[in-house]
Structure formats: C-alpha cells, structure tokens
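Engineer: need coordinates for the below:
(one chain, ligands or ions: 2)
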Amino acid sequence: MKERLKEFAKIIKDLYLKGWLPATSGNFSLKVDDKSFFITSSGKHKGKISPKDFVLVDMEGNLLAGEGKPSAETLLHAVIYKCIPSASCVMHVHSPNSTVISRIVKDSKIYLQGYELLKAFEGIDTHEAELILPIFENSQDMPKLAKKVEEELRSASGLAGFLLRSHGVYVWGKDIHTALMKLEALDFILECELKLAIISGGMQ
Ligand SMILES: CSC[C@@H](O)[C@@H](O)C(=O)COP(=O)(O)O
Ligand SMILES: [Zn+2]
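Structural biologist: Ligands and ions are numbered 1, 2, ... in the order given. A predicted model of the protein is given here:
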C-alpha cells in the first residue's frame with residue numbers, strides 16, 4: 001500500500017500543478033477493503049502531499065490509523081464506496097471548469113452527449129451516448145449532503161461523477177488510473193461545454 005500511496009501522491013501533485021487544487025482544496029482516497037479506505041488528511045497542501053498525509057478510516061469516516069484529521073468530506077467518499085462496489089479510488093478537485101459550470105447551469109443535472117471522450121467512461125462505446133452529471137447544492141452539513149448523494153447514487157446507474165455547486169467535482173474508478181482518466185475526460189468535456197456556452201451566449 002505504501003507504494004500505491006506514493007504513486008497516488010505523485011498524481012495529486014500533478015493535479016495541483018494543473019491548478020485544480022488551490023489553497024489546500026481537494027481530497028483523495030483509496031479503498032483498502034469493504035471496511036476501510038485511506039483518505040487525505042484535512043487541510044493538507046496538495047502540492048506537497050506525501051504518503052504520511054493519508055489516514056485510514058472506516059466506512060463511517062472514523063479514524064482507524066494515521067496522524068491528522070480525516071478530510072472534512074470523508075463521508076462523501078464513504079457513500080461512493082458503499083454505493084458503487086467497483087470503485088476503489090475517489091478523486092475530488094476544485095477545477096475552474098467544474099466550478100464555473102456548476103454556477104452557470106441552474107438545473108440539478110448536466111447532460112453530456114456527442115463527445116468522443118465520453119468513451120473514457122465504463123460502459124460507453126460511442127460518442128452518441130448520454131452521460132448524466134448531477135449537481136448537488138453545496139453544503140457544510142456533510143451528513144446531510146452525503147445522504148442526498150447516497151440517494152442519487154442508489155437510484156441512478158452509470159453516473160460519471162457529480163458536481164457540488166460552486167465547489168468542484170467528484171469522480172471515482174476501479175483504480176487510480178481509471179479515476180484519473182475519467183477526471184481528465186470530464187474536465188475536458190466541461191471545458192468544451194463552457195467554451196460553447198461562451199460562443200452561443202448561454203447554457204441549457
Ligand atoms: C480549503 S477550502 C476547501 C475545503 O473546504 C474542501 O472543499 C476541500 O476540498 C478540502 O477539504 P479537506 O478537509 O482538506 O479534505
Ligand atoms: Zn472540496
């Protein structure tokens with residue numbers, strides 16, 4: 001696990017350099033088994049992250065091992081692992097594209113269609129497929145927000161991830177590289193949607 005956390009930390013630093021994790025924002029986790037996962041400690045600068053900046057928690061977000069406080073958003077990671085058994089890695093970033101689009105789209109969902117990069121998502125083999133991205137209202141009440149996310153994850157299948165309004169994006173994957181591929185694909189598509197909105201003068 002030490003080697004995987006080392007590899008993970010390197011990827012997080014690269015995401016920081018893209019400008020997706022300003023001012024200690026973002027959190028990242030890796031599932032160990034059905035009962036526990038490693039998650040970044042709260043308040044860590046993601047440009048300087050190392051394996052010692054992860055703590056081990058249970059599926060209720062309780063600290064099991066490590067130094068520091070689990071991420072303030074640990075419960076969101078926990079519901080993803082509980083609702084999507086195939087997920088082994090969760091990434092949350094505050095990329096400008098995901099943040100801006102969540103402020104422009106007033107609806108609670110974004111519908112993405114027509115992009116070749118949609119094929120980065122499991123089960124999609126054509127650009128004609130439609131991917132739904134829910135937007136949840138941001139909240140500092142994590143148990144309440146986690147409950148809403150859980151309800152959506154249990155009722156809808158094949159979700160790409162979700163946005164928190166004026167906050168950022170969550171994605172997951174069966175491993176680190178799948179989660180990263182989805183994150184990059186999603187951010188690219190959201191950037192295209194934003195550029196199209198600028199050209200056409202509005203969204204949805
Ligand atoms: C520094 S503001 C961002 C935080 O409030 C939060 O949204 C975030 O992404 C990081 O929280 P953290 O507790 O460090 O995991
Ligand atoms: Zn955040």
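
Engineer: I12: what secondary structure?
Structural biologist: helix (DSSP: H, G, I helix; E, B strand; the rest coil).

Engineer: wait, isn't it in contact with I49?
Structural biologist: Yes. Counting by CB atoms under 8 Å, I12 touches I49, with 5.0 Å between them. Using the backbone N, CA and C atoms, a C-beta is placed for each residue, glycine as well.

Engineer: point to the residue nearest the middle of the chain.
Structural biologist: Y170 (1.8 Å; CA atoms, centre = their mean).

Engineer: bridged to it, which residues?
Structural biologist: Beta-bridge pairing for Y170 (DSSP bridges): H92, F162.

Engineer: give the rounded mean pLDDT of the helix ranked longest in the chain.
Structural biologist: Scanning the chain for the longest helix, with DSSP state H as the assignment, gives helix 176-200. Regarding helix 176-200, the rounded mean pLDDT is 96.

Engineer: one more: stretch 106-118?
Structural biologist: Mean predicted confidence for stretch 106-118 is 96.

Engineer: gap between the two ends of that stretch?
Structural biologist: One end of stretch 106-118 sits 23 Å from the other (CA to CA, to the nearest Å).

Engineer: so what's the gap between it and the chain middle?
Structural biologist: 16 Å (CA atoms, centre = their mean, to the nearest Å).

Engineer: pull the residues that contact that stretch.
Structural biologist: With CB atoms under 8 Å, 6 or more residues apart in numbering as the test, stretch 106-118 has contacts from 101, 124, 126-136, 160, 163, 185, 188-189, 192-193, 204.

Engineer: strands - which of those residues land there?
Structural biologist: Under the assignment DSSP state E, the contacts of stretch 106-118 contribute E130, L131, I132, L133, P134, I135, F136, L163 to strands.
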